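Asker: need a structure here:
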Amino acid sequence: MAEKIIEADGLGIRFVRNRRRQLRLRELFIHRGRRTGDDGRFWPLRDLTFTVRAGETVGVIGRNGTGKSTLLRLIAGVLIPDEGAIRVSGDVAPLLELSAGFSSDLTGRENLYLVGGLHGLSSAYLKRHFDEIVSFAGEQVERAIDSSVRHYSSGMKVRLGFAIISHLPHPILLMDEVTAVGDAEFRQRCYATIDRLLGEGRTLVLVSHNENDLTRFCRRGFYLDAGRLIVDGTIDEALAAYHGAVER
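Answerer: Alright, predicted model coming up:
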């Protein structure tokens, strides 16, 4: 049996809404502007326990606001849990916010080395694969590679980000709606890259609202609702639970 690569035990995280409660005029009059009840704290995820083994492909399903992207950020180590624990054995390739880490003051070339270096790729590796990475990002990026990223469209940034992150040798892939961006040609290039990475035995945790992507890449499914893990089964079982909840 393959080794355990991701383990969650009673995992939970608490957020505080970054906005003041808007009180009606009557509430202001009665309570003299004092806040009552809700202190703005809520749990986007709570009491999640699961294990993912090396080589598994897991689709995370649920309505908006059910904690899917938050779960990926906990696995990536971007967020720290408030209760329970998450243990990850191996480096993570986070295909989340693909333009994150880019500096608007630097060129595409400089950002390629910056972001690649932040994820552990050596300058020698990036130099050796530079043409390959830029070619993958497409003609628009190739023509603008020595221009400031502040002049790039959001699509160009995402293309360059995907091209860089997809070259990481890390065993765990975290993907959040990555294939929803770009044109049809770029999506097909993404699909081919993901197929290749999974063929190498990588572990995938995918958040997507695209059921074709979920059934294409994933064998196992997590269905989340109200921050809880309701179903941990096959991808078809998780999708059936999601559809049942939507119909209700």
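
Asker: which intervals of the protein have sub-threshold pLDDT?
Answerer: Across the chain, the ranges flagged by pLDDT under 70 are 18-39, 98-100, 179-182.

Asker: Show me where it has its strands.
Answerer: In the chain, the strands defined using DSSP state E lie at 4-16, 41-53, 57-61, 83-88, 92-95, 172-176, 203-207, 220-225, 228-234.

Asker: would you list those strands in CSV and tack on distance to Y191 and mean neighbour count?
Answerer: All C-beta spots, glycine's among them, are computed from the backbone N, C-alpha and C. Below are the strands of the chain laid out as CSV (distance: least, CB to CB, whole Å; neighbours: other CB atoms under 10 Å):
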stretch, distance to Y191, mean neighbour count
strand 4-16, 23, 17
strand 41-53, 22, 17
strand 57-61, 14, 25
strand 83-88, 26, 16
strand 92-95, 13, 23
strand 172-176, 12, 24
strand 203-207, 12, 25
strand 220-225, 19, 22
strand 228-234, 21, 17
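
Asker: Looking at these, which is nearest to L160?
Answerer: strand 92-95 (12.7 Å; CB to CB).

Asker: Can you lay out the strands of the chain as TSV showing distance to S69?
Answerer: Shown next, in TSV, are the strands of the chain (distance: least, CB to CB, whole Å):
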stretch	distance to S69
strand 4-16	12
strand 41-53	9
strand 57-61	9
strand 83-88	15
strand 92-95	11
strand 172-176	5
strand 203-207	6
strand 220-225	11
strand 228-234	15
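
Asker: nearest to R159, of these?
Answerer: Closest among the strands of the chain, using CB to CB: strand 92-95, at 12.3 Å.

Asker: Neighbouring strands - and their directions - for the closest one?
Answerer: Taking DSSP bridges as the criterion, strand 92-95 forms sheet pairs with strand 172-176 (parallel).

Asker: what residues does the strand it pairs with touch?
Answerer: The contact list for strand 172-176, computed with CB atoms under 8 Å, 6 or more residues apart in numbering, reads 5-6, 68-69, 72, 75-76, 88, 90-97, 194, 197, 202-208.

Asker: Likewise for stretch 227-241?
Answerer: 43-50, 59, 61, 66-67, 211, 214-215, 218-224.

Asker: Kindly recompute the last result at 6 Å.
Answerer: The contact list for stretch 227-241 (CB atoms under 6 Å, 6 or more residues apart in numbering) reads 43-46, 48, 50, 59, 61, 67, 214-215, 218, 221-223.
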